[in-house]
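Novice: requesting a structural model of the entry that follows:
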Amino acid sequence: MEPIRNIEQLRAIVGEPSELTAKKIYPHLNEQASGFIARSPFLALATVDVDGMPTVSPKGDVPGFVHQEDANTLYIPERKGNRLVFSFQNIMATSKVGLIFMVPRCTETLRVSGTVELVADADLATPDAQGNAALLHLKVTVTEAYFHCGKAFIRSGLWDPESWPEDTSKVSFGKEIGDKTGKDQAFVKQVDENVVKSYRSNL
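Specialist: Residues are numbered from 1 along each chain as shown. This is a model prediction of the structure:
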């Protein structure tokens, strides 16, 4: 199987965008984008390290948890998490960021690109999570924003309850760690119980 190595090969397969498609791309957040962010309880944050290796991190809170200062500035509050700080190390190394905002039951998503920095002293009225204030904020300077069509959500049936699988079992972090470290089932059970407790009381 030969890889596609140039844009000509790629365009021969996927074709060219319509003349109107490029007109939906803005260098700032317009009225619709601002309204979408105000309704969004979830986003995916993509960053890249100095070697070009990307990672994507989910960020979620109450709708409107991302504060918009102006048409080119967003503040994303950081809550308690796994403390691996992979995304934060990338931010400090390259300052590049990509965001995808989602709104439940809406098939369109908002894509935002720009630069980002970490700030610990932002005096913002971002909502607390169960009484816990943000640890810090990600200050995003927007350079590009546009809405992505809903075909991926329509094809996947992500918002369609009738397409959801019956198996809603959770991921076992105890098994993930236990398999790697050779721990027994008692360890697995304890880790999984601790995760459930943290979901209830440590958001």
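Novice: give me the helices and strands touching the helix or strand where residue 97 lies, please.
Specialist: Assignment of secondary structure by DSSP states H and E places residue 97 within strand 96-102. Applying 3 or more CB pairs under 8 Å, 6 or more residues apart in numbering; DSSP states H and E, we find strand 96-102 packed against strand 42-48, strand 109-119, strand 136-148. C-beta here means a position set from N, CA and C on the backbone, and glycine is covered the same way.
Novice: run the chain-centre distance for it.
Specialist: Remark: strand 96-102 is offset 6 Å from the chain centroid, using CA atoms, centre = their mean, to the nearest Å.
Novice: list of residues touching the longest helix belonging to the chain?
Specialist: Counting residues, the longest helix found in the chain (DSSP state H) is helix 185-201. Contacts to helix 185-201, defined as CB atoms under 8 Å, 6 or more residues apart in numbering, come from residues 172, 173, 174, 175, 177, 178.
Novice: same check, this time on stretch 71-80
Specialist: The contact list for stretch 71-80 (CB under 8 Å, 6+ apart) reads 28-30, 34, 37, 43, 45, 59, 61, 65-69, 112, 114, 119, 122, 124, 126, 129, 132, 134-143, 202-203.
Novice: now stretch 103-118
Specialist: 29, 33, 36-37, 39-41, 47, 72, 74, 88, 91-92, 95-102, 136-151, 153-154, 159.
Novice: so where's this structure shaky on pLDDT?
Specialist: 122, 125-131 (pLDDT under 70).
Novice: care to break it down by domain?
Specialist: 22-156, 165-201 (automatic domain parsing).
Novice: highest average neighbour count across the ones you listed?
Specialist: Greatest average neighbour count among these goes to domain 22-156 (a mean of 16), per mean count of other CB atoms under 10 Å.
Novice: for it, measure first residue to last.
Specialist: This stretch, domain 22-156, spans 25 Å end to end (CA to CA, to the nearest Å).
Novice: nearest to residue 11, of the domains of the chain?
Specialist: domain 22-156 (14.8 Å; CB to CB).
Novice: once you drop chain neighbours, what's closest to the spatially most central residue of the chain?
Specialist: Of all residues in the chain, the one closest to the mean position by CA atoms, centre = their mean is residue 44, 0.9 Å from it. Distances taken as CB to CB, 6 or more residues apart in numbering put residue 100 closest to residue 44, at 4.6 Å, once the chain neighbours are dropped.
Novice: correct me, but the one you found touches residue 37?
Specialist: No. Between residue 100 and residue 37 there is no contact under CB atoms under 8 Å: 11.5 Å.
Novice: sorry, back to before: give the bridge partners for the residue nearest to residue 44, please.
Specialist: Note on residue 100: beta-bridge partners by DSSP bridges are residue 44, residue 111.
Novice: list the contacts of it.
Specialist: Counted by CB under 8 Å, 6+ apart, residue 100 has contacts 43, 44, 46, 109, 110, 111, 112, 148.
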